[in-house]
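Student: test case, fold it:
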Amino acid sequence: MTKPELIYFDTAGRAEPIRMLLHFAGIEYEDTRFPGTEWPTVKPTTPLGFVPVMKIDGKQYCQSQSLIRYAAKLADWYPASEFQALKCDMVAETINELTGLAPRSKDTDEFKKLRQEFQKGTFTKYWTFIEKIIQENGGTLVSGSVPTFADLLIQQSVVMIKAGFWDHIDTGFFDDYPGLNATCKAIEENEKVKEYMATKKK
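Tutor: Presented below is the predicted three-dimensional model:
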């Protein structure tokens, strides 16, 4: 297999978990990033008009969730047990679905109102669902005693929300979610994660 190429904007976004998992797996790959101004040129070259896209042996593959699972299996961050994999897939799809459900509006006041209502309803419902899964697993991680790609996705999402990247969603929303916070801590203290973060600082 030739060196794979991961194509995405010059930001973390949906590609970051893939980058991290490929790093965990020790896979050398071409990390192709482009500025937003080049998107009109890049878009027609993608299979479905969006990124991330991964090229493997000259063929393009897309859909971020599929690419994440592929990279997770290479890194051994995907459960071997079918049942545990089901739980992790369920959490991954829940997070991905929630992102798509976030309301948008060009009207500033309406946008703020819609987001506040979203936080009280769907947003809370989805994260409470994930918190329950973590608590059923002992209070840390989605499944088992070692981190999986689902835990990584949780950490990546929570960090972004706490940093204020979701407009009009309270940055302190997760204060009352001990399982989610414990899972984020476990990921951030993971040796492979710390090693990856160290490479980003160089």
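
Student: what sits against Tyr29?
Tutor: Taking CB atoms under 8 Å, 6 or more residues apart in numbering, we find Tyr29 in contact with 3-6, 22. Glycine gets a C-beta too; all of them are placed from N, C-alpha and C.

Student: sticking with Asp31, tell me its helix or strand.
Tutor: Using DSSP states H and E, Asp31 sits in strand 30-34.

Student: quick one: buried residues of stretch 143-150?
Tutor: 143-144, 147-150 (16 or more other CB atoms under 10 Å).

Student: now, which of those residues sits nearest Gln60?
Tutor: Phe149 (21.7 Å; CB to CB).

Student: so what's the residue nearest to that closest one when sequence neighbours are not counted up against?
Tutor: Once flanking residues are discounted, Phe149 sits nearest to Ala72: 3.6 Å by CB to CB, 6 or more residues apart in numbering. Contact analysis of Ala72 by CB under 8 Å, 6+ apart lists 21, 78, 148-149.

Student: please repeat the previous calculation with a cut-off of 7 Å.
Tutor: For Ala72, the contact set (CB atoms under 7 Å, 6 or more residues apart in numbering) comprises 21, 78, 149.

Student: kindly report the same for Asn137.
Tutor: Ser143.

Student: again with Cys184
Tutor: 154-155, 158.

Student: cool, and Tyr8?
Tutor: 15, 33, 51-52.

Student: give the closest residue to Gln65 in space, chain neighbours not counted.
Tutor: Using CB to CB, 6+ apart, the nearest residue to Gln65 is Asn96, at 5.7 Å.

Student: show me the shaky parts of this protein.
Tutor: Within the chain, the segments meeting pLDDT under 70 span 201-202.
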